[in-house]
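Visitor: can you look at this prediction? I've put the sequence above it.
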Amino acid sequence: MAVRSWLVCIALCATSDVAVAAPAETLPVAHVASEGPALTFDFPALQIGVAEYEEGPTGATVILFRNPVAAVVDVRGGAPGTVNTDLLRLGLDAPVVNAITLAGGSAYGLSVATGVANALKERTADPGNWKNIAVVPAAIIFDLGGRRYNSVTPDERLGRAALDGVRAGWVPLGARGAGRFAMQGAYFGEIQHSGQGAAFRQWGEIKVLVVTVVNALGSIVDRKGRMLRCAHPVAGDCGPIAERIASHFAALGVAKTASAEAAKRAGPTANTTITVVVTNQTLPHWALQRLAVQVHNSMARAIQPFGTEFDGDTLFAVSTGELKQASISTADLGTFASEVAWDAILASAPVLSAPAARTEVRLSSADAEAYRGQYEFAPGAIAEVRPAGAGMEMQVAGRASLYIPADKWVSLTSLGKDEFELVSPRADRLRFDRDGSGRIVGLTINPGPWPIRARRLTAR
């Protein structure tokens, strides 16, 4: 068979939801926007596009190359989710890759690559010729489960939307693209929002761009060895990662406890960091593979722990082949790119708004009754809200999340008109939503970049 043939490699990622085709009128709307923090850079050989489904929220990122490129893959995590990667392992010294996609949605998100490939096919003259087949490797993160009740996932339509929106010299940062609902820090019980990061450096004629989506079991670590984000910082400082690791093992006590903690984290690709490293320096396949390994190893400085059995960490290394004469060794290039990768990981942490002032407000009985009712997050995930004493409480039957345990009533503290706080370790905010006429039509947990929305079903 022709040298551009390839095998499809995919590690299936289980979720608790059954995929059901949605009627056309209920399909999510692809959102393509350029607002928010972004990295700008000078690398004309590629363009980047992102698209998101706010109904998730979830998203996808496409890296499109002006000409086919040479690429390799390195997998460090124990639960990867990839497609079209076997070709990259075969040692072929030829530029064959047209684009790389990153997406949320677990295994379902791999269809983003199919959407991009089919869209490229439609743009290509003589697409049936084996020389013109669009090769689009892909990797995904798990952004379902406890962080959101619905099962909206990236698909072919979202891949096409991201491709249509590609731009040169730009990549958005934080809760954008494939990093739309990424999180990190579960290993230490410090689950924090992360996202999509990117960094670019140039040394002489050599260019290196790194794009990464951090959805890690471990925590992001800054260049001073301190945790970047945590639940309860002291004067904005989360402390050294070494102290957190020591505290973690001190708390484990006995092996039996440690095993129980590991079981709680089990689940394919619930955590994953997926990365693309691009350089303009021409490299043979072996050198490009060593670059991938060196950079991927280095990322353990910035994410601790890294590459666990519960992560699906995958890195693509790409050479656009524009700089023909190597001016530095592969080891030096790897060290240079490793520093760029650390910058990219740090850039994945989204900008957070200052916490709103917290002032408890006494709730009238009439207001409490107005909020009473059922609110549907997703089919089968219905919250019951009712007055309780001088306040309110809510329960979601049968479906646990980061915000509300299953089958347990959680109190709501009133902070103002329609504004509440969940009485839980995370102390998430909750807002009741009204339409133009002032009627309560739903509620939102964590209004802002990561909204968990529910529509009102009943009222009493």
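Guide: Cool, the structure landed. Numbers count the residues shown, from 1 in each chain.
Visitor: chain center to stretch 370-386, what's the gap?
Guide: A distance of 27 Å separates the centroid of the chain from that of stretch 370-386, by C-alpha atoms, centre = their mean, to the nearest Å.
Visitor: so what touches that stretch?
Guide: 149-151, 387, 392-399, 404, 412, 432, 440, 442-443, 452-460 (C-beta atoms under 8 Å, 6 or more residues apart in numbering). In short, each C-beta sits where N, CA and C put it, glycine included.
Visitor: swap in 7 Å and give it another go.
Guide: 149-151, 387, 392-397, 399, 432, 440, 442-443, 452, 454-460 (C-beta atoms under 7 Å, 6 or more residues apart in numbering).
Visitor: give me the buried subset of the residues you listed.
Guide: 149-151, 387, 392-396, 399, 432, 440, 442-443, 452, 454, 456 (16 or more other C-beta atoms under 10 Å).
Visitor: which of the residues you listed fall in strands?
Guide: 387, 392-396, 432, 440, 442-443, 452, 454, 456 (DSSP state E).
Visitor: in the stretch 101-250 of the chain, which spans are helices?
Guide: Applying DSSP state H, counting those that start in this stretch to the stretch 101-250 of the chain gives helices spanning 111-123, 156-164, 241-252.
Visitor: where does Leu333 land in three-state SS?
Guide: Assigned state for Leu333: helix (three-state reduction, DSSP: H, G, I helix; E, B strand; the rest coil).
Visitor: isn't it right up against Leu291?
Guide: Yes: using C-beta atoms under 7 Å as the test, Leu333 is close enough to Leu291 to be in contact (6.1 Å).
Visitor: residues contacting Gly177?
Guide: Gly177 touches Val50, Glu52, Gly59, Ala60, Thr61, Gln196, counting by C-beta under 7 Å, 6+ apart.
Visitor: give me the pLDDT value at it.
Guide: Looking at Gly177, its pLDDT stands at 97.
Visitor: what's the answer for Leu163, then?
Guide: For Leu163, the pLDDT comes out at 98.
Visitor: distance of Pro379 from Gly398?
Guide: For Pro379, the distance to Gly398 equals 12 Å [C-beta to C-beta, to the nearest Å].
Visitor: report the distance from stretch 94-107 to the chain centre.
Guide: Distance of stretch 94-107 from the chain centroid (C-alpha atoms, centre = their mean) equals 15 Å.
Visitor: quote the end-to-end distance of it.
Guide: Start-to-end span of stretch 94-107 (C-alpha to C-alpha, to the nearest Å) is 28 Å.
Visitor: stretch 384-398 too?
Guide: Terminal-residue distance, stretch 384-398 (C-alpha to C-alpha): 12 Å.
Visitor: compare Leu333 and Leu291 (neighbour count), which wins?
Guide: Neighbours were tallied for Leu333 and for Leu291 using other C-beta atoms under 10 Å; the higher tally belongs to Leu291 (28 against 24).
Visitor: hmm, the more buried one is touching Ser319, no?
Guide: No: using C-beta under 7 Å, Leu291 makes no contact with Ser319, being 8.4 Å away.
Visitor: list the residues that contact both of the two?
Guide: Leu283.
Visitor: sketch out the low-pLDDT regions of the stretch 251-400 of the chain for me.
Guide: Applying pLDDT under 70 to the stretch 251-400 of the chain flags residues 254-269, 355-358.
Visitor: let's see it at 50
Guide: 256-269 (pLDDT under 50).
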